[in-house]
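>>> next comes the sequence, and after it the predicted model I'd like to discuss.
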Amino acid sequence: MSLTPQNRIFPTEKGFLSIFDQIIIMLKVGILGGGQLGRMLLQAAANYPVETFVLENDENCPAAHLCHHFVKGDIRNFDDVYNFGKGLQALTIEIESVNDEALEKLEAEGVKVYPKPSALRTIKNKITQKKYYTEHGIPTAEYLVTDNLDGVRSRVDFLPAVHKIGTGGYDGKGVQIIRHKDDIEKGFDAPGVLEKMINVDKEIAQIIAVGAKGETAIYPPVDMVFDARLNLLDYQISPADLLQGLLWKVEAISVRVVKELKSPGIFAVELFVTKQGEVYVNETAPRVHNSGHHTIEANYSSQFDMLWRVILGYPLGNTEAILPGAIVNLVGAEGCNGEAHYEGLDEVLQMDNVFVHIYGKKDTKAGRKMGHVTIISREKQDLVYKAHKIKNTLKVISKEKAAELAAAAAAAAKAESQV
Ligand code: AIR
């Protein structure tokens with residue numbers, strides 16, 4: 001059945017409303033979490049008839065000042081999530097570590113939840129996520145379930161491997177590479193998975209939208225380039241450079257991942273590609289994702305625009321690229337803790353076809369995602385050149401460090417003038 005304005009209906013206090021009523025009556029939608037993903041989702045919300053609510057502990061979080069209503073509370077606490085969601089028509093998440101029991105109760109009471117709590121539950125724990133892949137015949141790295149660090153200590157034969165904490169990890173936290181016996185103590189003394197290391201040629205991310213009727217819209221996949229030390233995305237280029245056959249494989253596997261979750265929403269599937277052309281699913285996020293930020297400027301419908309379309313029951317947007325794009329993440333520099341300062345910002349702001357996003361986090365710390373820069377260009381070479389230039393020019397340091405650097409530069413200039 002195709003979507004017509006008449007069958008896009010929403011439950012409200014006043015009964016079921018069609019899309020035309022929606023234009024006057026705003027859909028009340030809550031976002032669990034108030035970080036950068038929530039912030040960018042709210043930027044896109046301004047185009048649509050939605051009244052936005054954010055639940056988050058920190059009232060100065062990136063999303064706090066862009067929503068209609070900010071509610072202070074713990075996204076992991078049952079009562080906080082339940083009380084937040086019960087007056088709303090729809091809910092979504094911007095981080096997985098939320099109370100899924102409260103979401104399940106709210107769903108049973110008629111609140112629409114994106115993604116469905118059942119899908120969120122499968123994904124949010126790395127152990128159930130891995131089992132889901134194997135149960136559905138989805139290729140993924142061989143793994144063991146470990147209850148604690150002793151479980152890792154007893155399987156030296158399985159190394160080299162990657163230890164992933166079951167719940168709560170994000171942005172490189174909760175992932176530890178264990179190449180040999182001496183690395184084991186860096187692992188987690190908590191339930192998790194130990195994944196056999198794959199000889200990866202490249203890492204790919206694939207964003208897919210699933211609509212209310214199960215229809216899908218697939219974004220062009222992206223090439224992800226990692227900072228091995230921080231285990232954080234370094235920069236990414238879209239569309240990924242893949243031979244046609246591999247592209248189909250990546251798309252087919254990603255579609256299978258989201259189809260079996262049986263939930264509307266936005267999903268990011270991260271995959272490994274080997275030199276032999278094998279494709280393995282690394283992990284999946286049931287939400288908007290760092291690997292899709294370029295879609296704001298580089299694609300017709302951004303991942304954030306798309307999620308609103310899903311929530312509102314609108315037709316899915318056009319995922320095609322307007323131009324190739326690249327993203328550079330702005331992460332807190334090593335050795336800098338405290339109020340953030342963006343060194344080199346003016347220079348980057350003067351570059352053509354470069355779009356700066358600063359998330360508005362007051363404090364920086366090493367490896368913290370503080371912003372990103374998108375570059376668009378017809379030429380991939382230009383993307384790579386500018387990505388490197390931006391990485392070398394724009395640094396997130398502390399105000400304290402910036403003052404130290406300025407004092408050192410002034411002293412050097414004075415010394416030179418006296419020569
Ligand atoms: N996030 C969630 N999962 C992965 C990521 N990167 C985003 C969300 C979340 C924010 O990171 O937007 O709210 C938390 O960032 P931080 O730096 O405050 O820990």
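Alright, I've got the coordinates.

>>> show me where the stretch 201-350 of the chain has helices.
Remark: helices assigned in the stretch 201-350 of the chain by DSSP state H, counting those that start in this stretch are 244-261, 295-298, 303-312, 345-349.

>>> of those, which approaches the ligand most closely?
helix 303-312 (11.7 Å; C-beta to the nearest ligand atom). (Glycine included, C-beta is placed from N, CA and C.)

>>> quick one, phi psi at the residue of the stretch 101-250 of the chain found nearest the ligand?
Closest to the ligand within the stretch 101-250 of the chain is Tyr170: 3.9 Å, counting by C-beta to the nearest ligand atom. Torsion angles at Tyr170 (phi, psi; degrees, to the nearest 10) stand at phi -170, psi 160.

>>> name the nearest residue to it, sequence neighbours excluded.
Counting by C-beta to C-beta, 6 or more residues apart in numbering, Tyr170 lies nearest to Ile95, which is 6.5 Å off, once chain neighbours are set aside.

>>> how near is the one you found to the ligand?
Going from Ile95 to the ligand by C-beta to the nearest ligand atom, to the nearest Å gives 4 Å.

>>> what's near enough to touch the residue lying closest to Cys336 once chain neighbours are set aside?
Counting by C-beta to C-beta, 6+ apart, Cys336 lies nearest to Ser398, which is 4.2 Å off, once chain neighbours are set aside. Neighbouring residues of Ser398 by C-beta atoms under 8 Å, 6 or more residues apart in numbering: 336-341, 364.

>>> same check on Arg179?
Each residue near Arg179 by C-beta under 8 Å, 6+ apart is listed here: 159-160, 197.

>>> who in the stretch 101-250 of the chain is up against the ligand?
By C-beta under 6 Å from any ligand atom, the residues of the stretch 101-250 of the chain that approach the ligand are 170-171.

>>> where does the prediction get shaky in the stretch 101-250 of the chain?
227-233 (pLDDT under 70).

>>> same thing but 90
Within the stretch 101-250 of the chain, the segments meeting pLDDT under 90 span 170-172, 225-234.

>>> sorry, back to before: now tabulate the helices of the stretch 201-350 of the chain in a markdown table and tack on distance to Ala409 and mean neighbour count.
Formatted as a markdown table, these follow (distance: least, C-beta to C-beta, whole Å; neighbours: other C-beta atoms under 10 Å):
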| stretch | distance to Ala409 | mean neighbour count |
| --- | --- | --- |
| helix 244-261 | 47 | 18 |
| helix 295-298 | 34 | 24 |
| helix 303-312 | 39 | 24 |
| helix 345-349 | 15 | 15 |
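
>>> beta-bridge partners for Phe70, please?
Counting by DSSP bridges, Phe70 forms beta bridges with Val54.

>>> wait, it sits on Glu59?
Yes: Phe70 lies in contact with Glu59 (C-beta atoms under 8 Å); the separation is 6.5 Å.

>>> all set now, cheers.
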